[in-house]
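Undergrad: Here is the input, now give the coordinates:
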Amino acid sequence: MFRYGLSLCATLLAGAALAADTPQVPLDDPFASGMWEDHQIAILGDPADIRFDDRVRVFAPAAAEDAFHVPLLIDATAIPDVEEIVVTADYGPIPKILSYFPGEAQAKLALRFKIDQATAVRASVRTKSGSWHVGGTLIDAAGGGCTAPAEAYASDDWEEKLGEIHGRLWAATGRARLIVDHPMDTGLADGIPVFIIRDLSFTNDAGQELARLALSEPVNEDPAFTLYFDPARMPPLLHVSGRDNNGNQIAGTLTGEEVN
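TA: Model (predicted):
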């Protein structure tokens, strides 16, 4: 009996050691991701304030045909009092894609990003109470989008176009669409340092900030965004301003006429 007891204890201790070395996936994670537990603490904070919520809808292609420009639509309009939306990729070399502060806009955003391998992509929505509501989707991909140099460098005039804004407003549907000319280098391509837009602010003619974006490296080259407003409260014009990590200023105005 004594020998059996020692053997049982040794087996239990070995099993406990093996369990300690095995990454633990939160039981309620719908994607059973090995990275989510670390990301939710590092990026969002206290896991007690984080919950999965079907009201946070994330739309994307099941497979990324173009690893450099993967379309994504986040819709959290079913959740009241949204203050911030954080978009992340579990298996991205740089997991955080961006933060969106909708302000006077709707809690809905369309964007494009670079993908490096198959991954769960999540939108984490923070409300005024401080709690986080998380939704997501799986995207299959061959990858490599984060480690290649920008295509802009093949053009001789890319520096002249740097920071130019293109887009327009659609008042009837409450949409604001823009593209900003910028390489958005991740710093992961050999010999090319990080070169990205850090922030974009959207203001009305009175100077009131209506929404704001804080961008990270995985946002696609020549970043494209669609913001959504209540059509009854859509501003007649939208001033866009920002800067990149080299201090270059970005400025332009969106109206009902297309900006080329």
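Undergrad: Residue 222 is in contact with residue 182, isn't it?
TA: Yes: Residue 222 is in contact with residue 182 according to Cβ atoms under 8 Å; the separation is 6.4 Å. (Glycine included, C-beta is placed from N, CA and C.)
Undergrad: Tell me which of these two has more neighbours.
TA: residue 182 (26 against 20; other Cβ atoms under 10 Å).
Undergrad: Which strand or helix spans that one?
TA: Assessed by DSSP states H and E, residue 182 sits outside every helix and strand.
Undergrad: what number of residues lie near the nearest residue in space to it that is not next to it in sequence?
TA: Once flanking residues are discounted, residue 182 sits nearest to residue 197: 5.4 Å by Cβ to Cβ, 6 or more residues apart in numbering. Around residue 197 sit 23 other residues, with neighbours defined as other Cβ under 10 Å.
Undergrad: I'd say residue 197 and residue 181 touch.
TA: No: in this structure, residue 197 sits apart from residue 181 without contact. The criterion is Cβ under 8 Å, and the distance is 10.2 Å.
Undergrad: Report the beta-bridge partners for residue 242.
TA: Here residue 242 shows beta-bridge partners residue 200, residue 250, assigned using DSSP bridges.
Undergrad: quick one: contacts for it?
TA: Taking Cβ atoms under 8 Å, 6 or more residues apart in numbering as the contact definition, residue 242 lies against 180, 197, 198, 199, 200, 201, 213, 249, 250, 251.
Undergrad: let's see 7 Å
TA: Going by Cβ atoms under 7 Å, 6 or more residues apart in numbering, residue 242 touches 197, 199, 200, 201, 250.
Undergrad: Could you report the distance from the first one to residue 185?
TA: Just to be clear, that refers to residue 197. Using Cβ to Cβ, to the nearest Å, residue 197 is found at 11 Å from residue 185.
Undergrad: just how off-centre is stretch 134-146 within its chain?
TA: In terms of Cα atoms, centre = their mean, to the nearest Å, the gap separating the centre of stretch 134-146 from the centre of its chain is 11 Å.
Undergrad: Now do it, average pLDDT.
TA: When the per-residue pLDDT values of stretch 134-146 are averaged, the result is 89.
Undergrad: Using CSV, write out every CA atom in that stretch.
TA: Extracted in CSV, the C-alpha atoms of stretch 134-146 (Å, rounded to 0.1, in the frame of the first residue of the first chain):
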residue,chain,number,x,y,z
VAL,A,134,-15.7,40.3,-27.5
GLY,A,135,-16.7,38.8,-30.8
GLY,A,136,-14.7,37.4,-33.7
THR,A,137,-14.2,35.2,-36.7
LEU,A,138,-11.7,32.8,-38.2
ILE,A,139,-9.8,33.6,-41.3
ASP,A,140,-7.7,31.1,-43.2
ALA,A,141,-4.6,32.4,-45.0
ALA,A,142,-1.4,31.4,-46.6
GLY,A,143,0.1,34.4,-44.9
GLY,A,144,3.2,36.6,-45.2
GLY,A,145,1.3,39.9,-45.4
CYS,A,146,3.2,41.4,-42.4
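Undergrad: quick one: low-confidence ranges for the stretch 51-200 of the chain?
TA: Low-confidence regions of the stretch 51-200 of the chain, defined here as pLDDT under 70, cover residues 154.
Undergrad: So which residues of it form strands?
TA: For the stretch 51-200 of the chain, strands defined by DSSP state E, counting those that start in this stretch occupy the ranges 57-59, 70-75, 82-89, 96-101, 108-113, 119-127, 132-139, 165-170, 175-180, 197-203.
Undergrad: could you list every residue that touches the residue lying closest to residue 136 once chain neighbours are set aside?
TA: For residue 136, ignoring the flanking residues on the chain, the nearest one in space by Cβ to Cβ, 6+ apart is residue 122 at 3.7 Å. For residue 122, the contacting residues are 58, 88, 134, 135, 136, by Cβ under 7 Å, 6+ apart.
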